[in-house]
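*Asks:* what follows is a predicted protein model with its sequence.
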There are 2 protein chains.
Amino acid sequence: MSDQRVLRPTPISGFPEWLPEIRSVEQRWLDHIRAGFERYGFASVETPSVENLDVLMAKGETSQEVYTLQRLQADAADDTDARLGLHFDLTVPFARYVAQYFNELVFPFKRYQIQRVWRGERPQEGRYREFTQCDIDVINVDNVPLHFDAELPRIVHEILSGLDIPAWTININNRKVLQGFYEGLGIDDPLAVIRAVDKLHKIGDEGVRAILADTAEGRLGLAEEQISACLELARIKGADTSVIDQVKKLGVTSELLSEGLDELGFVLDSLSDLPRGSVVADLSIARGLDYYTGTVYEASFDDDPGYGSICAGGRYEDLAGQFIKRKLPGVGISIGLTRIFAKLVAEGRITAGRTCPTDVMVVVPSAERRDEALRTAALLRGRGFNTEVFHQAAKLGKQIQYASKKGVPFVWFPPFEEGGKHEVKDLGTGEQTEADPTTWTPRPASA
Amino acid sequence: MSDQRVLRPTPISGFPEWLPEIRSVEQRWLDHIRAGFERYGFASVETPSVENLDVLMAKGETSQEVYTLQRLQADAADDTDARLGLHFDLTVPFARYVAQYFNELVFPFKRYQIQRVWRGERPQEGRYREFTQCDIDVINVDNVPLHFDAELPRIVHEILSGLDIPAWTININNRKVLQGFYEGLGIDDPLAVIRAVDKLHKIGDEGVRAILADTAEGRLGLAEEQISACLELARIKGADTSVIDQVKKLGVTSELLSEGLDELGFVLDSLSDLPRGSVVADLSIARGLDYYTGTVYEASFDDDPGYGSICAGGRYEDLAGQFIKRKLPGVGISIGLTRIFAKLVAEGRITAGRTCPTDVMVVVPSAERRDEALRTAALLRGRGFNTEVFHQAAKLGKQIQYASKKGVPFVWFPPFEEGGKHEVKDLGTGEQTEADPTTWTPRPASA
């Protein structure tokens, strides 16, 4: 092989990959997120990376983003794999999963799912073709208590608070408030208004006003007072239930609006113990997707709101209607791990972690005393320390240098002769002391 | 949506998926394997699921098994994604990774990689189209100390010993022994003999004999004594270095054979403290792949050797010659997680785990006392217990039944009135006692 031409390896745009010292941070994040989900009793589910194409297309939405699979050497007559596509989110596979195993699951079913997803998009900033999503959903038969609408942002808050990332805010709204308010204004197509208001942060007041005022055939053609009221509603924002009063002061009423305000109030009340300002009611948050029907969530970075959402979700009426004749409402939220992590890596805001998990490297004093080094390492491993043995009886300086280059915090010297003492060197402080492998513990400061 | 036809969800052949109670076991296995790799200082690497097709095909071997990606709605002119394929193993991506980041890695580089891989094969027993591999490799510039040839089977031994699986054996051999022995017999094409002997367990002595004796143009056409010697070598098997003597007694000599026997002896000696019979030298193990050059490994189930290898690997001379003009030899071994796990699931030999990670479910005594339940849960979570709060103030029996159906071990009763006592019920024993959420610890037996 080595006499062939050399094929220069190049990164593939949209498919992120990390050096070990960055990967170790990502791994820590993944562990942290998983522990956060499990702390609230969510169960792990993983689904295959692929689904049948008709499952992926059941909602007919994101067709252009799906990657399909093709066997490289498939013959023309063989189309058995032609109908497989990589999943583009974790919601569709979860819906299929719940329908498939409906009789074997306990409801309300609380699951988390941390997996890669794929989208055949043109790569651009903040968009990846392969990325990891961390989803939690609670689904139930017929109805899902509001308790969960409040629990999900609490979990996300707890998780994000434990990550070393720039300031963020979780914004909450309720689609019933928007829809009920628009209905109260006498608007016939409230969903069209929601879709317009969803663009507010991109196109501004004037842009939204233009869409709402457009009198062309099939457009909304709202009156000036209606438009002003819609925009006033979208300006309401606040950290506590005073936002409810602000909405009421606009003087619009409808049954759905009251219901939405009660729900929003319940969620805000339930989260009132969290640090003020970290979870905020923002009546401009609409989440364009049609399937949300109540609470909606959207978190973003305070210093870069234009980057878009880093977590998002909401309540939906019917998860799996395309697969099963049972009404399965739910509420879910997704943390965009790669969206957050890759951005911070690109901006140099991730502090590199260890290049390897090794706590202690044991030196090999001489070929004859290699067994002593192996025994010492086994002792240390048994006590919970990740331990390497240097791979040969090289000069001590070379052995220590290897540990130092890899960032291993401690180097262990087994006795150099029968009956000698063990010693350990803290590469952080340079200090070297006698130590017993059966009792040694590193001082917390340098470990 | 719910008025559309219902699309019956069906499993996709070759793409395994588990219920939560099986997934929790798989998750435990993955954690166990990862901890085992990290205990020896191996660093985590993950690569994208795809590689450029010319990278995947650089060795030109497994072309028919590659899945390529295609954007569902790609227009004819747009072929930018046409050259991407899902990786079919973790070795090719690792080779590309090492070449790409050569200047940023510390050598010898010890990495583990636990990821899904894909092969566009016809599904059959023990073959999957998507499966998880757990690989460790050590690579270095120019040479890799023999130390690692002994370390890798030790790590795999430690990991497999900690899994509740049927009895297995790790078989070891050395390609230099085979090649050197065949050379010593005066055979011109020892690699062809290796490929024939590799089929021994499938086609038996007579089958191998027929291949070796074949005198057709381009075939081996070995003499009877040569064939007998080859088969005699393949029958040698043993748990200690006495196998070295058995090989020597066959009276064949060559420089390469001596070198191979020294290496094999070193590895066996280094592992002599492991339980006898768990690691065995088996001179019939050849590993058909041409790139192995020294130590080779192959583990299988004792009660079903025909199922094939559950772990495999070996030493190679040149990992990344197709990508970089540096000689990067290495040694690696791979645990076929899905091959092991899915077989045991299919055979009903995996004991289902918990359906959810919840340790304690806190009941909601009444809507008014929901906050008390939430505070209690927060206390328990802060102390490391995965804790759910029941989602509404339902009848107690209903709340307890939910916990019981999900297999939650403890149900917690916060005070039903101001100033009352907390109680906790062990659902395993039925015992209910007073408890303080700031100090309670479950008795180990039922936790």
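*Replies:* Received it, and whenever you're ready, just let me know what you need. Since the structure is predicted, the reported quantities are computational estimates derived from the model, not experimental observations.
*Asks:* which one is A:Ile335 nearest to, not counting chain neighbours?
*Replies:* A:Cys134 (4.2 Å; C-beta to C-beta, 6 or more residues apart in numbering or on different chains). (C-beta placed from N, C-alpha, C; glycine too.)
*Asks:* the one you found: neighbour count?
*Replies:* For A:Cys134, the count of nearby residues is 25 (other C-beta atoms under 10 Å in any protein chain shown).
*Asks:* direction included, what does the helix or strand harbouring it pair against?
*Replies:* According to DSSP states H and E, A:Cys134 maps onto strand A:130-139. Looking at strand A:130-139 with DSSP bridges, its partner strands are strand A:109-118 (antiparallel), strand A:330-335 (antiparallel).
*Asks:* hmm, A:Phe181 and A:Ser254 touching each other?
*Replies:* Yes. Using C-beta atoms under 8 Å, A:Ser254 is in contact with A:Phe181, at 7.2 Å.
*Asks:* of those two, which one has the most company?
*Replies:* A:Phe181 (26 against 19).
*Asks:* for the more buried one, which three-state class applies?
*Replies:* Recorded secondary structure, A:Phe181: helix (DSSP: H, G, I helix; E, B strand; the rest coil).
*Asks:* hang on, isn't it packed against A:Leu257?
*Replies:* Yes. The criterion here is C-beta under 8 Å, and A:Phe181 meets it with A:Leu257 at 5.2 Å.
*Asks:* shared neighbours, the two?
*Replies:* Contact criterion C-beta atoms under 8 Å, 6 or more residues apart in numbering or on different chains; residues shared by A:Phe181 and A:Leu257: A:Val247.
*Asks:* so A:Gln70: helix, strand or coil?
*Replies:* With three-state DSSP as the basis, A:Gln70 sits in strand.
*Asks:* which residues does it form a beta bridge with?
*Replies:* Counting by DSSP bridges, A:Gln70 is bridged to B:Thr68.
*Asks:* how far away is it from A:Ser242?
*Replies:* Taking C-beta to C-beta, to the nearest Å as the measure, A:Gln70 falls 57 Å from A:Ser242.
*Asks:* between the two, tell me which one has more neighbours.
*Replies:* Set A:Gln70 next to A:Ser242 and count neighbours by other C-beta under 10 Å: A:Gln70 wins out with 19 against 11.
*Asks:* check which helix or strand A:Gly85 maps to.
*Replies:* Element membership for A:Gly85 (DSSP H and E) is strand A:84-86.
*Asks:* what mean pLDDT does that strand get?
*Replies:* Strand A:84-86 shows an average pLDDT of 94 in the prediction.
*Asks:* cool, and stretch A:214-228?
*Replies:* For stretch A:214-228, the per-residue pLDDT averages 92.
*Asks:* and for stretch A:68-75?
*Replies:* Throughout stretch A:68-75, pLDDT has a mean value of 81.
*Asks:* could you list the buried residues of that stretch?
*Replies:* A:Thr68, A:Leu69, A:Gln70, A:Arg71, A:Leu72, A:Ala74 (16 or more other C-beta atoms under 10 Å in any protein chain shown).
*Asks:* what of stretch A:241-249?
*Replies:* A:Thr241, A:Val243, A:Ile244, A:Gln246, A:Val247.
*Asks:* for stretch A:427-447, list the C-alpha coordinates in CSV.
*Replies:* Taking C-alpha atoms only, stretch A:427-447 is exported to CSV below (Å, rounded to 0.1, in the frame of the first residue of the first chain):
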residue,chain,number,x,y,z
LEU,A,427,3.7,16.7,37.1
GLY,A,428,1.7,19.8,37.9
THR,A,429,3.8,20.8,40.9
GLY,A,430,6.9,18.8,40.2
GLU,A,431,6.7,17.4,43.7
GLN,A,432,7.9,13.8,44.1
THR,A,433,7.0,11.8,47.2
GLU,A,434,7.0,8.3,48.6
ALA,A,435,3.7,6.6,48.2
ASP,A,436,1.9,3.3,48.7
PRO,A,437,-0.1,2.1,45.7
THR,A,438,-2.7,0.5,48.0
THR,A,439,-3.5,3.7,49.9
TRP,A,440,-2.3,6.7,47.8
THR,A,441,-4.8,9.4,46.9
PRO,A,442,-3.9,12.5,45.0
ARG,A,443,-4.4,15.8,46.6
PRO,A,444,-7.6,17.1,45.1
ALA,A,445,-6.0,20.4,43.9
SER,A,446,-3.8,18.7,41.4
ALA,A,447,-5.8,15.6,40.5
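*Asks:* is any residue of it near chain B?
*Replies:* No. Stretch A:427-447 lies out of reach of chain B by C-beta under 8 Å from any C-beta of the partner chain, never closer than 14.0 Å.
*Asks:* check the offset of that stretch from the chain's centre.
*Replies:* 37 Å (C-alpha atoms, centre = their mean, to the nearest Å).
*Asks:* same question for stretch A:169-181.
*Replies:* The chain centroid and the centroid of stretch A:169-181 are separated by 22 Å, computed with C-alpha atoms, centre = their mean.
*Asks:* circling back: so for the strand holding A:Cys134, mean pLDDT?
*Replies:* 97.
*Asks:* how about low-confidence regions in chain A?
*Replies:* A:1-5, A:60-64, A:74-82, A:444-447 (pLDDT under 70).
*Asks:* can you give the domain ranges for it?
*Replies:* For chain A, automatic domain parsing gives the domain ranges A:20-346, A:360-446.
*Asks:* okay, these, which one's buried deepest?
*Replies:* Mean neighbour counts were taken over the domains of chain A using mean count of other C-beta atoms under 10 Å in any protein chain shown, and the top value, a mean of 19, falls to domain A:20-346.
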